[in-house]
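> My questions are about this predicted structure, shown below with the sequence.
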Amino acid sequence: MKRLRVRHEARFTYQGNANASYNEARMLPRDCSGQQVLSSSLTITPHGPQFPYRDYWGTPVVGFEVLIPHSELCVIAESLVEVNRPLRLATRASWVEMRHEAEARCRLLEHMDQTARTDPTEEVAELARDIAASPRDPFDTAQAICEAIRDRIEYVPGVTGVGSTAKEAWVKGKGVCQDITHIALGALRAVGIPARYVSGYLHPEEQPEVGLTAQAESHAWLEWHSGSWMGFDPTNRIPVGDRHVLVARGRDYDDIAPVKGVYAGAEATELWVDVKITRES
Amino acid sequence: MSQLFANYGRSTDTGRTPAWDEMFAATGGGNEAEQVRPGYADLYEALSHMSQEELRGRADALASSYLAQGVTFDFAGEERPFPLDAIPRIVEASDWARIEAGVAQRVRALEAFLADVYGRQDAVRDGVIPAHVIVSAPGFLRQAAGIEPAGGVRVHVAGIDLIRDQHGDWRVLEDNVRVPSGVSYVISNREVMAQTLPELFARMSIRQVTDYPRKLAAALRASAPPGVEEPTVVVLTPGVFNSAYFEHTLLARLMGVELVEGRDLFCSGGFIWMRTTSGPQKVDVIYRRVDDDFLDPLQFRADSVLGAPGLLNVARAGNVTIANAIGNGVADDKLVYTYVPDLIRYFLHEEPVLPNVETWRLEDPGSLDYVLKNVRDLVVKPVDGSGGKGLVVGDRATPEQLEALKEKVSANPRGWIAQPIIQLSTIPTLVEGGMAPRHSDLRPFAVSGDGDVWVLPGGLTRVALPEGQLVVNSSQGGGSKDTWVVGTRAGEAPTPVVPQPSTRYPQAQGSIHPGHQLGQGDTFDDDDNRLRQQIEHQQQSLGKEA
Amino acid sequence: MLSRVAESLFWMGRYMERADGTARILDIHLQLMLEYPSADEDAACRSLLSIMGVTDMTGPLTSADVATRLATDKTEPASIAYSLVAARENGRRAREIISTELWECFNTTSIALPGSVAPERHHGFFAWVKERSAMAAGIAYTTMNRDEPYQFFMLGQGLERADMTARLLATRDLAGTGGASWTTLLRSCGAYEACLRAYRGKPTAERAAEFLLLDQYFPRSIRFSVNRALNAVHQLDPVPVSSRTGVATGAEWILGQAISRLQYQPIEDVLADLPEAMDKVQESTSAASDAIKERYFPALTLPVWMGEAA
């Protein structure tokens, strides 16, 4: 069990003034199994009213607007989360059981369809099919696929962008957690395993020291369904544990972008992001 | 025998069951008059006294009236009057009762389906409709989940497209519960027809269509957010360049509400406001004629200037009602259409009043092969198109078109359905060569507000003007007809109003103009033609060259 | 009412009046050029075009060019055709506010607009334009509620009429011609008889000028037109009781100043440099128009929304 404090700051600087902007932030952690949010808040400058709601995927969203001319927009999400993810024995459904269940549930089925972001190259699909062809159950297949994808992608920041697709990253053979997750999702879905994109934070230290603040980043991993949802971090080849703080789920990055919005008036925008994590106990 | 129908050709298509002609029965006496179906008797009688020239004269007057009113469409950069045929379609009371019940039933079922699909999804869990049909429907918008419409109404206005098959049976062709258009033509067609065939209005008991704006306004007010006493209702238009702008202005005008564009609106503090000369004014109900995709750049297309960013979140907070609701497109999906009879049974525990048209789902095993083999006898449609967009009629397509279609359909069977080629019923229509049968369909409009579904008696009859054409959309060279529901409903007998003669003459000054009579020399015989003549005259006298 | 619709009504009034005013100015000057062919037709044409606000002119110009450009060229913003089409377009944007009769008047006028007019039919065309404008004004007068939409319409009409009369007077000293006589100017406004009656048959140049500039009773005089616009401004924005100066808006201030400048100055001085004085009037109507825009129709340009994501 760990108590983690997360501070996520996103700062947009406009060239000239933005006269109005409307946005949605998905930066606040949610309650879910193994994770309890003790406190969370969003601070927006310039100040404006906030409209919290939960989206279709269950993610806490805060809508906000700034209707005065501004050259900078700053969003700071602060939260204190208790994470306790004991290693559970996974539910292991058979292929037949899984398919049957998906047929009757929109919420499973929609994680089996590829999106423009996850759509795999033929090479990735073949790799996934080869693994699925050997006699493994869905759980082991999923894990093997994630591992195999990770083996083929080198973790290199700056090669891909926030808008890259799985196909683009695969061709480059390099990418970051977002790309590895997209490629793995595409591969899992290609063999009929429902899988969803998860965004959040990961404490960078394997054994975090209490009271010490660490520089971190937004992180991405995935959950597949093999009877029940199983969280796996393909970038670090580890099951999701006490160092992970879960924020949002969706079909791909587009469903979970931390800040998304429109603005009028200004020319262009620059973004500066900072994430800090402190283990409190 | 009347001169008008002397050369009225019956269907020459011998290969199939001929189309159902709504005016003349195929069988009956040898004499034309004896073949006239009962509902059309009065119309036939009136027309039999008319020469083709006279009817054409009236049709021309009708067209110039539309031109003056601006009821036009753009044809290759030139403004043409909206094509309205001078011969009305007649629907008898008994037929109408069935249509009315069937349309209302359909709307109630779709309403229940939408509430379910954006809520508990029981119909999926109970196996009435497969999950993949929902999640793969382009019109299923996850952004719409969690928006609770005031009063539970999502389908404030519906246009259910009907056709009559070879046996004269009415069938549902497609459902339109997003932003169905065309009701303005029902209203303006009636107005101008009363001037074109006044003798018939006196003789036949035709049900009124003038109630529509009042019913719509009442439905919109009834769906205001809870607690709003005097709601501000607006009509949201994409602007003057939209092909339905005339309709938007007409509805706003007849409801007495503002017609706004996206730039007139802005969201602030959890509410939506319009910019007026005396500052922002809160808006409670938006009857939007802008597609979902363009309504809120924050949620959908970021580059849209036709909507207002933040609108969805205001609706989510329950501070504005969007009519029709966002995400209704899933109910318009043509694959969902094939399940509507089952949805009626599931949600309403009723049998469908109006049957669907027989439909193949191309994703069903075997269907794709069958359809590809028999494509010449079928109509193949994309599931998310409306108004005949992307539709291919098998026996009229070129080999290249069929090849392209086969490729598209095989790549994405979920995206297509197929239906047999149905000979839509025909109605006499005045075309260049005289009176001729032309295929038609019918779009009745239903309005829902306070629990009740009201169906406008009549609806928009669209008619395909080229001979044999089976696609009757106005975007495909279609015209329209006024639709007369005749026969009085019980308890609706019209009460004649007899004006009391006034004993007071208008005052006169005295004999200031001896001998002069008003309008002397002016015969008003062709009263209706005056505008066109006047315009022509002006153009002539000014030496118009362009 | 919606700011956007208010703006449309304002411009509908302006364009309707502009078509009428342009027809009147062209009518007399094309006639004059025909009657007194001048040595320098090109200069006369340039001068007339520039008074009507046209800036780009090339080649030697003839009166026929001027007629085409200012009467029937739909792409020329100063033309009658442009004004009539623009009036109709603004009517269309305010369609749910104006009466069907008024809309049909603008619509049929725009449909009947000829592509070109032969010289011998010019006078007939101008008469038709005046008639259609009068008809629109009459329908507006008899079918519109006297509420905000009507006031915006009247405001536009009043401002434009002042502007048009100022332009008409500026043509008094048209280069390259002897200029229009005062009688001709009066006639073009339908003011000849009215002026004769007012001055008991003895109009002088000063009196004719006074009549068109400052007469309180003649509805096409600059003073009358500006007052009509001022009246609309007052109706739209009544001066608060607490205002010690009695002035509420920028437009009122601008228009009041313009009138005072003409009114409290010897008429001889005004006549000494009539084009300059008329230029000032046009400056004021344009500034008033801007002030009205700022007050009632601010920021109606389409915002361009740009997506951003982090």
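Thanks, I have the structure now. The structure displayed is predicted, hence computed values, not measured ones. Residues are numbered from 1 along each chain as shown, chains lettered A, B, ... in the order given.

> What degree of burial does residue B:373 show, as a neighbour count?
Here the neighbour count serves as a burial measure; for residue B:373 (other CB atoms under 10 Å in any protein chain shown) it reads 10. In short, each C-beta sits where N, CA and C put it, glycine included.

> typo on my end, residue C:298
A count of neighbours around residue C:298, defined by other CB under 10 Å, yields 10.

> does chain C sit close to the helix or strand hosting residue B:312?
Assessed by DSSP states H and E, residue B:312 sits inside helix B:311-316. No. Judged by CB under 8 Å from any CB of the partner chain, helix B:311-316 and chain C are separated, with a smallest distance of 12.3 Å.

> near chain A, anything from that helix?
Yes. Contact of helix B:311-316 with chain A is found when judged by CB under 8 Å from any CB, involving B:313, B:316.

> and the helix or strand following that helix, is it in reach of chain A?
For helix B:311-316, the following helix or strand on the C-terminal side (DSSP H and E) is strand B:321-323. No. Strand B:321-323 stays out of contact with chain A when judged by CB under 8 Å from any CB, the minimum separation being 15.9 Å.

> Which elements pack onto the longest helix seen in chain C?
The residue-count maximum for a helix in chain C (DSSP state H) belongs to helix C:3-35. Packing contacts for helix C:3-35, counted by 3 or more CB pairs under 8 Å, 6 or more residues apart in numbering or on different chains; DSSP states H and E, involve strand B:271-276, helix C:41-51, helix C:63-67, helix C:80-93, helix C:122-143, helix C:148-170, helix C:182-188, helix C:274-296.

> Chain A: which of those is closest?
Across the helices and strands packed on helix C:3-35, chain A has its closest neighbour in strand B:271-276 (10.3 Å, CB to the nearest CB).

> I'd like the mean pLDDT over the following helix or strand past the closest one, please.
Towards the C-terminus, the helix or strand next in line after strand B:271-276, according to DSSP H and E, is strand B:279-282. Mean per-residue pLDDT for strand B:279-282: 94.

> for strand B:279-282, packing partners?
strand B:271-276.

> Tell me, domain by domain, which residues of the chain belong where.
Looking at chain A here, since you left the chain open. Using automatic domain parsing, the domains assigned to chain A come out as A:2-84+A:257-279, A:95-255.

> wait, I meant chain B there
Structural domains assigned to chain B are B:227-319, B:360-420, following automatic domain parsing.

> all strands for the stretch 251-400 of chain B, in order.
Taking DSSP state E, counting those that start in this stretch as the criterion, the stretch 251-400 of chain B contains strands spanning B:258-260, B:265-268, B:271-276, B:279-282, B:285-288, B:321-323, B:360-361, B:378-382, B:392-393.

> Centre of the chain to the fifth one, how far?
Here strand B:285-288 is found 19 Å from its chain centre; the criterion is CA atoms, centre = their mean, to the nearest Å.

> partners of that strand in the sheet?
strand B:233-236 (parallel), strand B:321-323 (parallel) (DSSP bridges).

> Can you give the distance from the last one to the centre of its chain?
What it means is strand B:321-323. 20 Å.

> ok, back up a step: which one of the domains of chain A lies closest to residue B:407?
For the domains of chain A, proximity to residue B:407 was assessed by CB to CB; domain A:95-255 is nearest, at 19.4 Å.

> Dump the domains of chain A to a markdown table, plus distance to residue B:437 and mean pLDDT.
Listed next are these as a markdown table, based on distance: least, CB to CB, whole Å; pLDDT from 0 to 100:
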| stretch | distance to residue B:437 | mean pLDDT |
| --- | --- | --- |
| domain A:2-84+A:257-279 | 50 | 92 |
| domain A:95-255 | 47 | 93 |
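
> Pull the contacting residues for residue B:239.
The contact partners of residue B:239, taken as CB atoms under 8 Å, 6 or more residues apart in numbering or on different chains, are B:245, B:261, B:306.

> quick one: which of the helices and strands packed on helix C:3-35 is nearest residue B:424?
helix C:80-93 (35.0 Å).

> Count the residues that sit near residue B:389.
When counting by other CB under 10 Å, one arrives at 12 neighbours for residue B:389.

> quick one: buried residues of stretch C:208-219?
Along stretch C:208-219, these residues count as buried under the neighbour rule (16 or more other CB atoms under 10 Å in any protein chain shown): C:208, C:209, C:210, C:211, C:212, C:213, C:214, C:215, C:218.

> Could you pull up the residues touching the spatially closest residue to the second one that is not a sequence neighbour?
It stands for residue C:209. Nearest non-adjacent residue to residue C:209, counting by CB to CB, 6 or more residues apart in numbering or on different chains: residue C:271, 5.7 Å away. In this structure, residue C:271 makes contact with C:205, C:206, C:209, judged by CB under 8 Å, 6+ apart.

> Could you check the angle the helix or strand hosting the second one makes with helix C:274-296?
Assigned by DSSP H and E, residue C:206 belongs to helix C:205-214. Here the directions of helix C:205-214 and helix C:274-296 differ by 10 degrees (axes from the mean of the first three to the mean of the last three CA atoms, to 10 degrees).

> Could you tell me which other helices and strands the lengthiest strand in chain A packs against?
With DSSP state E setting the assignment, residue counts place strand A:2-18 as the longest strand in chain A. If you count contacts as 3+ CB pairs under 8 Å, 6+ apart, strand A:2-18 packs onto strand A:70-83, strand A:195-202, strand A:259-264, strand A:269-279.

> before we move on, the earlier item: tell me which of the strands of the stretch 251-400 of chain B sits nearest to residue B:183.
Nearest to residue B:183 among these is strand B:285-288; the distance by CB to CB comes to 11.7 Å.

> looking only at pLDDT, what's the mean for that closest one?
Over the span of strand B:285-288, the pLDDT mean works out to 98.

> any weak-confidence spans in chain B?
Of all residues in chain B, those with pLDDT under 70 make up the ranges B:1-2, B:10-16, B:27-30, B:386-387, B:473-477, B:488-503, B:510-546.

> separation between the residue nearest the centre of it and residue B:89?
Centroid-nearest residue in chain B, with CA atoms, centre = their mean: residue B:182, separated by 3.7 Å. Spatial separation of residue B:182 from residue B:89 under the definition CB to CB, to the nearest Å is 14 Å.

> Next: residue B:422.
Using CB to CB, one gets 18 Å for the distance from residue B:422 to residue B:89.

> who's more crowded, the two?
With other CB under 10 Å as the criterion, residue B:422 and residue B:89 differ in neighbour count, and residue B:89 comes out ahead with 26 against 20.
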